[in-house]
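**Q** output the structure for:
(4 chains)
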Number of protein chains: 2
Amino acid sequence: MNQPALGKEAIGIDLFAAGVASPKGKPRSLIESVMHRLRCEIVQGVLSAGSRLLIDDLQRRFDVSGGTVREALSLLVSDGLVHAKTQRGFFVAPMSLQDLEGLTRTRIALECESVRESVKCGGSEWESNLVAAYSELARSDEHVMRNPDDEFDQWEIANRNFHRSLISACSSDWTFRFLAVLNIHLERYRRLTSPHTLPERNVHAEHELIFQSALARDAEQCSLLLRQHIESSVSVVRQFALLR
Amino acid sequence: MNQPALGKEAIGIDLFAAGVASPKGKPRSLIESVMHRLRCEIVQGVLSAGSRLLIDDLQRRFDVSGGTVREALSLLVSDGLVHAKTQRGFFVAPMSLQDLEGLTRTRIALECESVRESVKCGGSEWESNLVAAYSELARSDEHVMRNPDDEFDQWEIANRNFHRSLISACSSDWTFRFLAVLNIHLERYRRLTSPHTLPERNVHAEHELIFQSALARDAEQCSLLLRQHIESSVSVVRQFALLR
DNA sequence: CGATTAACGATAATCGATTTTTTGGAGGTT
DNA sequence: AACCTCCAAAAAATCGATTATCGTTAATCG
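**A** Numbering: from 1, shown residues only, chains lettered A, B, ... in the order given. Coordinates of the predicted model:
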């Protein structure tokens, strides 16, 4: 019968790159293009959290019809970057410390459990992917130290790939999907606060330890380090209390 | 500044009832109404997994314009019940044993971690909600034994409320949201297989044990029982191998 | 003077028509 | 038989205009 197997061309949430930098080919439709541009603007903070998304404005700004804008926005509801209220339009998802904490706890639940399983059952393919992702990230870590502004997009990609590689051995599509959503949102917080956290805590050292414990197949240790890694990034934000 | 605090009227995924039976008030717009009807049909299997969702058909069937259908569909992408492919339309999310397993594992990661925390930090309000939800479920468990067909919707609600109560003490909105999504999908599988699993394994007994360990504040035990509870429901499906 | 209602302007929701894109052959070529 | 190319039907994407709804301000009433 009919079993389309959900190809990579499915739109909506895309598992392969959710944030600003998208490796996906050229947009295949206006809707997709508008959706992508909106997503970037939201993640980058051009459209500020909580603000209203007026169809008319967007329609003029992107030079498309209202219906197209509406549909792009509806699709963006999928990854929670946009909220829709009946008869009152669309809004950029608000940001708050509470939201960030929820984001973080949920991420920990999913990612730590996944990494535990991956470390246990990962094969050689998993291992080599992980090694590759790690060295790429190590390179990016250095670059971003020098010129934070230029290299930030690249670092985001490398970071995402590293974390994805860690859990790629045996995680379900659903887990990937949710983590992708969480990561878009967390990226938004990172971009908001990154100008203020320049002399970054030693993220690189944390990554290295996680990487080593993964290769050493110490599932519990790896999971624990990962948890601390994820938690510590939120405490940086909390210190600056940029939110509310 | 602008902080709309995301009221309960937000559409898209709704945390309060995701499946067939929705306690939400009357739909406030055509889009919402179409969205809800489509969601029901998909969850109940009227629209079969993997099948194509033709705008023209739906438009005629629901007596609304194509644009309205498109937007309802776009919104349904949010909870993964509908997939959108650029220039090729919309599809009902496919079902497979693999998907079910992913759903289950992801649910376990989220729900078991959450219940652990809830049992630890739940106050008296949490406790009384849980007691209420449990007795409601116990009642439904009995009813559904007698006439499975009539009472199934009601049981789904009671079941959902019980599981939600368990973790309600300190779970984030994100966790709730994701669990709501997973539950819609799992409900679809339950409805698909429930005719074949009539003499249900003793679900009630499982719920009771979980309930008791929660009240006894035995977080680890509760989490473990919950994990087994969730796992065992998938193995039922696996036996019947209804999928693929 | 406070409260209730009426009228208005802004904006979301909806539709029907038009334009592209995809799909599934029919026929012809190697 | 496998592989193109071209064509027409089907379907999705897109638009511009119309209608319904909300929130606010102005007017009215007790």
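**Q** just the angle between the longest helix along chain A and helix B:97-121, please?
**A** Identified as the longest helix of chain A according to DSSP state H is helix A:97-121. In terms of direction (axes from the mean of the first three to the mean of the last three CA atoms, to 10 degrees), helix A:97-121 departs from helix B:97-121 by 120 degrees.
**Q** could you pull up the mean pLDDT of helix A:97-121?
**A** The pLDDT scores in helix A:97-121 average 95.
**Q** what is the following helix or strand past that helix packed up against?
**A** Sequence order places helix A:124-146 as the next helix or strand after helix A:97-121, per DSSP states H and E. If you count contacts as 3 or more CB pairs under 8 Å, 6 or more residues apart in numbering or on different chains; DSSP states H and E, helix A:124-146 packs onto helix A:148-167, helix A:203-215. All C-beta spots, glycine's among them, are computed from the backbone N, C-alpha and C.
**Q** for those helices, which one sits closest to chain B?
**A** Smallest distance to chain B across these (CB to the nearest CB): 10.9 Å, for helix A:148-167.
**Q** how about residues contacting the closest one?
**A** For helix A:148-167, contacts defined as CB atoms under 8 Å, 6 or more residues apart in numbering or on different chains pick out A:17, A:19-21, A:23, A:111, A:114-115, A:117-118, A:126, A:129-130, A:132-134, A:136-137, A:139-141, A:143-144, A:175-176, A:179, A:183, A:187, A:190-191, A:194, A:198, A:207, A:210-211, A:214, A:222, A:226.
**Q** number of nearby residues for the closest residue to residue A:106 other than its chain neighbours?
**A** Using CB to CB, 6 or more residues apart in numbering or on different chains and skipping residues adjacent in sequence, the residue nearest residue A:106 is residue B:174, 4.2 Å away. For residue B:174, the count of nearby residues is 24 (other CB atoms under 10 Å in any protein chain shown).
**Q** quick check, residue B:174 in contact with residue A:104.
**A** No. With contact taken as CB atoms under 8 Å, residue B:174 and residue A:104 are classed as non-touching, separated by 9.2 Å.
**Q** gap between the one residue in chain A that gets nearest to DNA strand D and residue B:101?
**A** Residue nearest to DNA strand D within chain A (CB to the nearest atom of the strand): residue A:30, separated by 2.8 Å. From residue A:30 across to residue B:101, the span is 37 Å (CB to CB, to the nearest Å).
**Q** again, but for residue A:161
**A** When residue A:161 is compared with residue B:101 (using CB to CB), they lie 25 Å apart.
**Q** same thing with residue A:122?
**A** 18 Å.
**Q** higher neighbour count, the two?
**A** residue A:122 (23 against 16).
**Q** identify the residue nearest residue A:74 in space, chain neighbours excluded?
**A** residue B:74 (3.6 Å).
**Q** check contacts around that neighbour.
**A** By CB under 8 Å, 6+ apart, the neighbours of residue B:74 are A:71, A:74, A:75, A:77, B:84.
**Q** please identify which pair of these lies farthest apart.
**A** Distances among those were taken as CB to CB; the most separated pair is A:77 and B:84, at 12.3 Å.
**Q** and the residue nearest to residue A:129 when sequence neighbours are not counted, how many neighbours?
**A** Distances taken as CB to CB, 6+ apart put residue A:165 closest to residue A:129, at 5.0 Å, once the chain neighbours are dropped. Here the number of neighbours of residue A:165 (other CB under 10 Å) works out to 24.
**Q** and residue A:227, how many neighbours?
**A** Residue A:227 has 17 nearby residues by other CB under 10 Å.
**Q** right, and it touches residue A:108 too?
**A** Yes. The pair residue A:227 and residue A:108 qualifies as a contact (CB under 8 Å) at a distance of 5.4 Å.
**Q** residue A:90 sits in which helix or strand?
**A** For residue A:90, the host element (DSSP H and E) is strand A:89-92.
**Q** what mean pLDDT does that strand get?
**A** For strand A:89-92, the mean per-residue pLDDT is 96.
**Q** is residue A:83 in a helix, a strand, or coil?
**A** Put simply, residue A:83 is strand when judged by DSSP: H, G, I helix; E, B strand; the rest coil.
**Q** that one: how many residues sit nearby?
**A** Residues near residue A:83, counting by other CB under 10 Å, number 22.
**Q** does it have beta-bridge partners, and which?
**A** Following DSSP bridges, residue A:83 is listed with bridge partners residue A:91.
**Q** which single residue in chain A comes nearest to DNA strand C?
**A** For chain A, CB to the nearest atom of the strand, closest residue to DNA strand C: residue A:89, 3.1 Å.
**Q** wait, doesn't that residue sit right on residue A:52?
**A** Yes. Between residue A:89 and residue A:52 there is a contact under CB under 8 Å: 6.4 Å.
**Q** need the residues of chain A near DNA strand D, please.
**A** Residues of chain A lying close to DNA strand D (CB under 7 Å from any atom of the strand) are A:29, A:30, A:31, A:63, A:64, A:65, A:66, A:67, A:68, A:71, A:87, A:88.
**Q** name the nearest of those residues relative to residue B:233.
**A** residue A:71 (36.5 Å).
**Q** the helix or strand that contains that closest one and DNA strand C, are they touching?
**A** Assigned by DSSP H and E, residue A:71 falls within helix A:66-77. Yes. Helix A:66-77 reaches DNA strand C (CB under 7 Å from any atom of the strand) through A:66, A:67, A:70.
**Q** strand partners (parallel or antiparallel) of the lowest-mean-pLDDT helix or strand in chain A?
**A** The weakest-scoring helix or strand in chain A, judged by mean pLDDT, DSSP states H and E, is strand A:10-11 (a mean of 72). Sheet pairing for strand A:10-11, assigned by DSSP bridges, gives strand B:82-85 (antiparallel).
**Q** is the partner strand anywhere near DNA strand C?
**A** No. Applying CB under 7 Å from any atom of the strand, one finds strand B:82-85 out of contact with DNA strand C, separated by at least 8.2 Å.
**Q** how much space is there between the most centrally placed residue in chain A and chain B?
**A** Centroid check for chain A by CA atoms, centre = their mean gives residue A:183 as the closest residue, at 2.4 Å. Going from residue A:183 to chain B by CB to the nearest CB, to the nearest Å gives 12 Å.
**Q** from the middle of its chain, how far away would the strand or helix carrying that residue be?
**A** Element membership for residue A:183, per DSSP H and E: helix A:173-193. From the chain centre to the centre of helix A:173-193 is a distance of 3 Å (CA atoms, centre = their mean, to the nearest Å).
**Q** same question for stretch A:97-115.
**A** On CA atoms, centre = their mean, the centre of stretch A:97-115 falls 12 Å from the chain's centre.
**Q** how about that stretch: buried residues?
**A** Residues of stretch A:97-115 classed as buried by neighbour count (16 or more other CB atoms under 10 Å in any protein chain shown): A:99-115.
**Q** okay, now the domains of chain A?
**A** A:30-92, A:97-240 (automatic domain parsing).
**Q** worst mean pLDDT among the ones you listed?
**A** domain A:97-240 (a mean of 90).
**Q** tell me, how many neighbours does residue A:120 end up with?
**A** Number of residues near residue A:120 (other CB under 10 Å) recorded here: 12.
**Q** I'd guessed it sits against residue A:218; true?
**A** No. Between residue A:120 and residue A:218 there is no contact under CB under 8 Å: 10.2 Å.
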